Each structure stands twice: as structure tokens, then as C-alpha cells.
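**Q** Give me coordinates for this.
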Amino acid sequence: MRTPFRLSPLLSLALLAASLVARADSPPAGFTPLFNGKDLSGWYGWSTKDPTELQKMSAEERAAYKTKSLEDINQHWKVENGEIVNDGKGLYLTTDKNYGDFELLVEYKALPDGDSGVYLRGVPQVQIWDSTKGDPRGLGQDKGSGGLWNNSPGAPGKDPSKKMDKPFGEWNQFKITMVGERVTVIFNGEKVVDNAVLENYFARSAFQKAQKEAEKAGTPIDPNQIVDPIFAQGPIQLQTHGSEIRWRNVFIREIPAEEANKMLTGADETGFTRLDNGKDLSNWQGANENYEVKDGAIVCKAGKGGNLLSKEEYGDMVLRFEFKLPPGGNNGIALRTPKDGHPASDGFEIQVIDSDGYNAAHPKAPLQPYQYHGSIYHCFGAKHGFLRPVGEWNYEEITVKGQRITVVLNGTRILDVDVDKLDRSKISHPPKGLDNKTGYIGFAGHNDPVAFRNFRVKRL
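**A** Numbering: from 1, shown residues only. Prediction:
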């Protein structure tokens, strides 16, 4: 009997991939096309320029700029056979819509001497360039495309881990995942950037300039100050210069908060102990009567407060948890706090607060910098603007190692402080517990129904 012909698994996958590539009008499940295959509606022109400059414009100025930018776009960009084509000149194609956490699929086909890239949230960039020319400028061109080239020298992800560029005339494919400030790039089927921070190119340049000016004036910048991280939201840009490049199958999937939180947690929870059991407050001590468990989360009762603390003390540790804020909600994470002490004075407290909502409700008495979410209360302010909308679960990781305190909110580092480097003469009410080596951890309620869940701790 003749054996029926069967495709090999690899050939089957190759044919499937080819069929998907051919259907530019049919994005994968969950994805939305950024390019409709017919024209450039939904895009405008921008350059390597801080996107906050556009946001500072009035609505009328912004609309006028976008309309004017299309004159340049129409000179250098066109749609041909369902592909976006650029002649290697002009402004960069930029989405009208801003994006936070996402998966982006995009294919491109370049010509020799091309130099291009994909800007994420308006910041450069996932690099594309001609890697066949060696490295004449000493920029790492010979390493291939796909790296976060505008990161600082030596930073993770700056160069791709492997050269995966296809020969000229063939289509290359990116799958770019961004959660918080971290980016993963799969290039032609190979992971070439693995969960690396994309630095804020514009903020870094401004910070370095300010640092030099401060040193020259003899007033150095606070050593605890960190460069502003990449924006929480921003546009996707197709950047190009040098030679013609073609783009197709540009699809995006926005990642919802719940999924992003799982991605930030990751699979490895080795060494972590969960302190909330989802049922009751038997693992806690202190103001138990002022808290309750609702839908598996610990919630401070409305109009109540006080400190709900762990039953064990902790020194160096990593703390992971999720929290949800009501409008204007205020709470805190107690660290290295004595059993009968107050977190903000006898230990120290990391703010948990709806900074945006609070300021909107109290425009005449806005929060001080040290009161923003993630700040060390009384002492040092965290970077602002990285909370999710009220009602969504946020993900936070706090690391306490010696006197260094780091806070990462929804995948973005917003605080990195060495307590020993604080100028305490400038702190109005320095906590007595700043130098504590150990203490209890928990919640510092302030009358609002702030919810916490998945509260895990790992001793270091």
C-alpha cells in the first residue's frame, strides 16, 4: 500500500507563516491593524523629538501641527501594493494614538545603506540598518538589527544578542513586546532583546546636560535622583533615513492590566512567601478591626485606618503585591516599623496614593513631591505618572537591601534611593526609623478603601 504523503512539521509551519504573511488585511486574533493597506490615515509626521513637546501644545495647535506635517509625509511616504513605502527622507510616520503596554508585529524590507527603526512610545528605538557594511563608524552596525541602539553604552539590550537580518529583498519580521519600561524583541523568530529597559533618550540627554551645568556651578545634583523613565504612554513611529524601506502587516495588541501584572510577576516565585491568605487576617496584627477581606483582597475599611502589620520582622527583602485605589485613595506600605510604632516616623513608609486624583480634588493644596505614589514619605519623591487608571489593579515591587530602597511600579522603576545619601538637614520631619535594620511590614491606612492582594515577601 502506498504511504500517504505528509508535510514535515517544519515545512507545515513555513507554509502557515507564508499564508499569514500574505493576508495583510487579517491581523492575528486580538491584534488591530495600524495600517489599513490603502492609505496613511491614522498617522502624522514627527521626528526624533521629545513627544512631550507635542503634548504641551493646545488641542488647536496640536491639530494644526498634525495637519501641516502631512505635507511632508505625502512627499516621502506612499502606499503601493498594500505596502507602506518611504524614500529614505522626511518626517517619521507616527500613530495618532498613544499606547502603553503592547505587543507589536511589523514587517519591513530594506535596501542597502538603509538606517531605520521603530520608536516605542515616541522614544528611539528598535534599530534597523544595513549590517552588510561591517562597522565603519564603530556603532555596532555589524551586529545586526533589533537592538535598543539608543540605550547607554553597555546597557542590556543595546545590541542584539544574535544577528538575524535576512538578505536584501526578503521581508524581516519583528514581534516587540513592551510592558512598563521593559522591551522584548523577537526578530525573524529569534529573541534578540530579552526584557531590557528602554531608556528615555530625551530625558537622559537633558539629565546629563543639567548634571554638567550643576557640577560647573558647584551645586551637584542629588545623588539619589534618577533619570526620568520612558513615558507611560506614547506613539509608535516608523523611523527611516538613508534609502528606501517598505513596511507591511503592522499590527498591535494592547495588553490589559491583569495580563501585564502576570507578565511582570513571571514564572519564578522561588523564595517568596505569601502573607495574605485571601480569607482572613490571621497572618496580621495591629489594627485588624479596621481592615477586612473582600473578594480575596485586604481592604482598609472606609473611614478607618491604622497599621496592619506582619507577625514577623524583615530586614533586607523583596516585596511584591498588587493594589487598587479608589479616587483620591491614600494608604502606605510600612517598612522596618516597630510593632507599636508609626510607619512614617518610627520606621518608614512608601506612599500608596492616587496622586493624580488627589491633586485634581485639591488643586489649591497639591501633594508635595515626597507625597507622590512610591515616595519615601517625608524624605524623597518618586517619579510621577505611572499609576494605572483608578479601579485597575497596579503591580508593585519594593526592594530593600541595606539602605537602598527601590520601587518598581507597573514595570517601571520610579524610585531608587540610598538612604545614607539623603541630606537629612533638608527633611522637615526625618523618620526616626530611617536607620532601622529590621522591623515589621504591612499597611498604613488613611481612611480610604485601598485594596491589596498577592502580597508576597522574599528575604534577601
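**Q** Contacts made by the helix or strand harbouring L309 with the rest, please.
**A** Element membership for L309 (DSSP states H and E) is strand 305-314. Strand 305-314 has contacts (CB atoms under 8 Å, 6 or more residues apart in numbering) with 275, 281, 283-288, 290-291, 298, 300, 334, 336-337, 339, 342-343, 400, 438-447, 457, 459. Where you see a C-beta, it was placed from the backbone N, CA and C, and this is true even at glycine.
**Q** how about 7 Å then?
**A** For strand 305-314, contacts defined as CB atoms under 7 Å, 6 or more residues apart in numbering pick out 275, 283-288, 290-291, 334, 337, 339, 343, 438-447, 457, 459.
**Q** Is it possible to mark the buried ones in those?
**A** 275, 283-284, 286-287, 290-291, 334, 337, 343, 439-447, 457 (16 or more other CB atoms under 10 Å).
**Q** from those, which ones fall inside helices?
**A** Applying DSSP state H to the buried ones among the contacts of strand 305-314, the entries found in helices are P343.
**Q** Return the subset of the buried ones among the contacts of strand 305-314 lying in strands.
**A** Residues of the buried ones among the contacts of strand 305-314 located in strands (DSSP state E): 284, 286, 291, 334, 337, 439-446, 457.
**Q** Export these to CSV and append columns for distance to Q208 and pLDDT.
**A** Compiled in CSV, those are given as follows (distance: CB to CB, whole Å; pLDDT from 0 to 100):
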residue, distance to Q208, pLDDT
W284, 46, 98
G286, 45, 96
Y291, 46, 98
A334, 36, 97
T337, 38, 96
G439, 37, 97
Y440, 41, 97
I441, 36, 98
G442, 39, 97
F443, 39, 98
A444, 37, 96
G445, 41, 95
H446, 38, 92
V457, 37, 98
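**Q** how is this protein carved up into domains?
**A** For the chain, the domain assignment from automatic domain parsing gives the residue ranges 9-255, 262-459.
**Q** tell me, what residue is most central in the chain?
**A** For the chain, the residue nearest the mean C-alpha position is G180 (1.7 Å; CA atoms, centre = their mean).
**Q** State whether that residue and R413 are indeed in contact, as I suppose.
**A** No: if you go by CB atoms under 7 Å, G180 and R413 don't touch, sitting 8.6 Å apart.
**Q** if I pick P160, what's in contact with it?
**A** Contacts of P160 (CB under 7 Å, 6+ apart): 143-147, 187, 192-193.
**Q** quick one on the thing from earlier: any figure for the gap between the residue nearest to the centre of the chain and E322?
**A** 14 Å (CB to CB, to the nearest Å).
**Q** re earlier: can I get the ones in strands among the buried ones among the contacts of strand 305-314 in CSV with distance to M317?
**A** Output for those, formatted as CSV (distance: CB to CB, whole Å):
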residue, distance to M317
W284, 17
G286, 19
Y291, 22
A334, 13
T337, 13
G439, 11
Y440, 12
I441, 8
G442, 13
F443, 16
A444, 17
G445, 21
H446, 24
V457, 5
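**Q** Of all pairs in those, which one is the farthest apart?
**A** Using CB to CB, the pair of these lying farthest apart is H446 and V457, separated by 22.3 Å.
**Q** Sketch out the helices for the stretch 51-200 of the chain, chain order is fine.
**A** Along the stretch 51-200 of the chain, the segments classed as helices by DSSP state H, counting those that start in this stretch run 52-55, 59-76.
**Q** Give me the contacts around whichever strand or helix holds Q208.
**A** When elements are assigned from DSSP H and E, Q208 belongs to helix 201-217. For helix 201-217, contacts defined as CB under 7 Å, 6+ apart pick out 50, 123-124, 150, 220-221, 227-228.
**Q** Can you tell me what sits against the host helix or strand of R246?
**A** Using DSSP H and E, R246 sits within strand 245-254. Residues outside strand 245-254 that contact it (CB under 7 Å, 6+ apart): 21, 24, 27-28, 30-35, 82-86, 99, 101-110, 114, 116, 236, 238.
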